[in-house]
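Novice: Sequence isn't available, so here's the structure alone:
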């Protein structure tokens, strides 16, 4: 009796090239804010190596074994599309991810505000440049009223 087994160490068909490489498409990334790692998905064979062109924005990196893009962007970068190539011994496939790195800035119309106790005041509206903030908070708390 002859019994045999073969394993390639995990998912995917090693004899088939990777196919259908895709990445989640994030909104703008913010300078000096760590990104949620961007994990690729693909069909076909399991990729064993990854490469990107052109180079990712400063502070971001591609894990050449897993294809995960991670890091903390350190400089503003205009919107660009990056081509990632996933390969194994049977071939390769390409996918793309579009990234923009912005500098989040908040400003107010003035640096000084004076109020009179008991008198109504006009709202002070901050101006956000480069990004839309989902929520705002103030520290320390504002006076009552």
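Specialist: In hand now; what should we look at? Keep in mind the model is a prediction, meaning the values are calculated, not measured.

Novice: SS state for the spatially most central residue of the chain?
Specialist: Centroid check for the chain by CA atoms, centre = their mean gives residue 35 as the closest residue, at 4.8 Å. At residue 35 the chain is in coil, as set by DSSP: H, G, I helix; E, B strand; the rest coil.

Novice: what about the nearest residue to it once chain neighbours are set aside, how many neighbours?
Specialist: Distances taken as CB to CB, 6 or more residues apart in numbering place residue 29 nearest to residue 35, at 5.5 Å, with adjacent residues excluded. Every C-beta, even on glycine, is put in place using the N, C-alpha and C of the backbone. Residues lying near residue 29 (other CB atoms under 10 Å) number 23.

Novice: What of residue 97?
Specialist: 21.

Novice: That one: which element?
Specialist: strand 91-102 (DSSP states H and E).

Novice: any idea which helix or strand comes after that strand?
Specialist: Sequence order places strand 105-107 as the next helix or strand after strand 91-102, per DSSP H and E.

Novice: pLDDT (mean, whole number) over that next one?
Specialist: The pLDDT scores in strand 105-107 average 76.
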